[in-house]
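> Give me a model of this one.
(4 chains)
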2 protein chains.
Amino acid sequence: MDIHQLRIFASVYRNRSFSKASEQLFISQPTISEHIKNLEKSLGCTLFDRLGRKIEPTGEADLIFPKALQLIEDLERINDLVLKSSQRVKGKLYIGASTIPGNYMLPVLAANFRNQYPEVSFEIVIADTRKITDMLVSHEFFLGIVGASMEPKILNYEPFLDDELVFAGTPKYMADMSNKPLKIHQVPFLLREEGSGTRKTMEDFLQKMQINLKKMNVVAVLGSTDAIKHAIKAGLGTSILSRRAIAEELANGSLLEIKLGEEMKRSFYLATHKKRTLPAQYKAFYDFLLARGE
Amino acid sequence: MDIHQLRIFASVYRNRSFSKASEQLFISQPTISEHIKNLEKSLGCTLFDRLGRKIEPTGEADLIFPKALQLIEDLERINDLVLKSSQRVKGKLYIGASTIPGNYMLPVLAANFRNQYPEVSFEIVIADTRKITDMLVSHEFFLGIVGASMEPKILNYEPFLDDELVFAGTPKYMADMSNKPLKIHQVPFLLREEGSGTRKTMEDFLQKMQINLKKMNVVAVLGSTDAIKHAIKAGLGTSILSRRAIAEELANGSLLEIKLGEEMKRSFYLATHKKRTLPAQYKAFYDFLLARGE
DNA sequence: ATTTCGAATAGGAAATAACTATAGCAATCA
DNA sequence: TGATTGCTATAGTTATTTCCTATTCGAAAT
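You can find the predicted model right below:
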């Protein structure tokens, strides 16, 4: 017994006729006959008494008819369900982000998104780009926001907002250097750990500027942008970090920046696993971020 | 989209594996793959992300799974429904019966049947055999109980209880005849109408006895056994009628019978339309009557 | 008695579902 | 790192099912 048979049964029942049903369903009358015959066989009962020119539904047919209708409708509802589910944006968004996006960009963007879709909630895990990338690869997140593309084979990267790194320190260090030839090799310098997107961008930049990282005066390697920032403010040294992280300090003059030739621009990326289908709320947030990012 | 696809989907979802599903359903793995592919196409969404060695259901799959289960179960319930409906004996029994069975046999049998199946109710229409037969042919009844078989082509007759006709009258008429040669031609005689099963049986019997009906002293043609009985008791004449109809009168001596050579036996028949399927309560009553009748 | 109407049957064509064999791909092992 | 394993996808066929046309059959209407 399958749905097709029930559809045919329902039409025959309604029309009280095999041939009318066949017109209605655009199927030949013998085909209708055969389907009804098979349905009767599988149910083990007669559904219509064939009375020459007329047919008459049996008690079993009366019994089955409403059930058949319901089943047919329920089956069609499944389609609607899928369609609606892709419209309904709700549920939890579990997102991995590296430091800068996680701390300085996502909070605002998430809040804006929630204004539009109040039924979503966020859980943002902050870790360095390496970690987030690994977690994406092992399907711990559907969506990550990272500072560099590290697994381009299996992950998909979509350029998102730009970020600018600046070379900054307390006025004590900076004042020394601002008018003189760059003494970046002597000034105490703070580094992010390996695996940090900031670190990678910085390395790429220094290489381009032909500055050798190994000859620099590295006084500490710290595990987060915030740690770097606090260390700088505490006078431990200088570093290269996101302008977004120290926007306030630059504004009030507690930290100063020095331009190092060209701008240290980098992109953040929306990273997703190529083989994963994004649930509706992720898809919506992804599209929302892309629209904001451009 | 059809149920078969949903069944396969459900198995894949539960097993989190195409190949395990294929073992469980005794279908080859490529067939599973194809069905899932078609289902995804018809729904317009991915149901499982293929992650190399694993698969992961998407949000849509999570959504559909319970609905699919329910549909599959509902479909199977239809079978049960049909099975149970044939067990559950209830509802109205609309039965056509000729005079004798309708008045003297069915009331008791129906009461007994109702003891067994309290959810049934009866509506018994009494008319002569001809009328009941016509109504069966035109599907006004599922079941009739008649005194003679009249449309053997389209109706099915099952011999039921026997009945005996007796020649009877008030002692006034009977006493005259009991010890002398039969004066049946002279004594006033009451007839049932054409179409009556009693009339037909009687005619057949008289013919066998070589008694010519036309030469008899017919004083009235009456439309029911009860009318005949009352006419006899009122002294209008004699008649041939069912022993069951006058059992009381014969017992208390208010009417007497005279044996006319051999016994005037006849059968009643359970009559059904050959092409009609009997609803459960009719089937049950039919079987009940047959069991009582033998 | 003939025609008409509607379902059943027969026989064959088209569509679908199934299989086997094999390729492809990621995870695991050596 | 390369080989192996475990699982799904694809290709090519075969089997089954569905559906069709033509026709027959049976009951009802003319």
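> in chain A, which helix or strand is least confident?
One helix or strand of chain A scores below all others by mean pLDDT, DSSP states H and E: helix A:171-178, with a mean of 77.
> Please enumerate residues in contact with the one helix or strand A:Leu6 maps to?
Following DSSP states H and E, one finds A:Leu6 within helix A:3-15. Outside helix A:3-15, the residues that touch it by CB atoms under 8 Å, 6 or more residues apart in numbering or on different chains are A:18, A:20-21, A:24-25, A:27, A:32, A:35-36, A:38-39, A:42, A:47-48, A:55, A:57, A:61, A:64-65, A:68-69, A:71-72, A:75, B:2-3, B:75. Where you see a C-beta, it was placed from the backbone N, CA and C, and this is true even at glycine.
> Repeat that for stretch A:187-201.
Residues outside stretch A:187-201 that contact it (CB under 8 Å, 6+ apart) are A:98-100, A:128-131, A:146-148, A:165, A:169, A:173, A:176-177, A:202, A:216-225, A:228, A:231-232, A:236-242, A:264, A:266.
> And it, what's buried?
Using 16 or more other CB atoms under 10 Å in any protein chain shown as the test for burial, stretch A:187-201 gives A:187-192, A:195-201.
> ok, which pair from the residues you listed is furthest apart?
The largest distance within those, taken as CB to CB, falls between A:Val187 and A:Gly195 and amounts to 24.6 Å.
> Name the residues of the stretch 151-294 of chain A found near DNA strand C, please.
Proximity of the stretch 151-294 of chain A to DNA strand C (CB under 7 Å from any atom of the strand) is limited to residues A:154, A:275.
> Would you map the strands across the stretch 1-150 of chain A?
Ranges of strands in the stretch 1-150 of chain A, per DSSP state E, counting those that start in this stretch, are A:48-51, A:54-57, A:91-97, A:120-126, A:143-146.
> Just the C-alphas of the second one, formatted as PDB.
Taking C-alpha atoms only, strand A:54-57 is exported to PDB below (Å, rounded to 0.1, in the frame of the first residue of the first chain):
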ATOM      1  CA  LYS A  54     -22.600   2.000 -10.700                       C
ATOM      2  CA  ILE A  55     -20.100   1.300  -8.000                       C
ATOM      3  CA  GLU A  56     -20.800   1.500  -4.300                       C
ATOM      4  CA  PRO A  57     -18.200   2.000  -1.600                       C
END
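> For it, which strands pair with it and how are they oriented?
The sheet places strand A:54-57 alongside strand A:48-51 (antiparallel), with pairing taken from DSSP bridges.
> Can I get the strand it pairs with in PDB, CA atoms only?
Written as PDB, here are the backbone C-alpha positions of strand A:48-51 (Å, rounded to 0.1, in the frame of the first residue of the first chain):
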ATOM      1  CA  PHE A  48     -16.100  -0.800  -4.000                       C
ATOM      2  CA  ASP A  49     -18.900  -3.100  -5.000                       C
ATOM      3  CA  ARG A  50     -19.100  -3.100  -8.800                       C
ATOM      4  CA  LEU A  51     -22.800  -3.000  -9.600                       C
END
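> Show residues contacting it.
By CB under 8 Å, 6+ apart, the residues outside strand A:48-51 that reach it are A:12, A:36, A:55-58, A:61, B:139, B:275-277.
> Top of the residues you listed by number of neighbours, please.
Each of those was scored for neighbours by other CB atoms under 10 Å in any protein chain shown, and A:Val12 scores highest at 28 neighbours.
> how close does that residue get to A:Asn112?
Here A:Val12 is placed at a distance of 56 Å from A:Asn112 (CB to CB, to the nearest Å).
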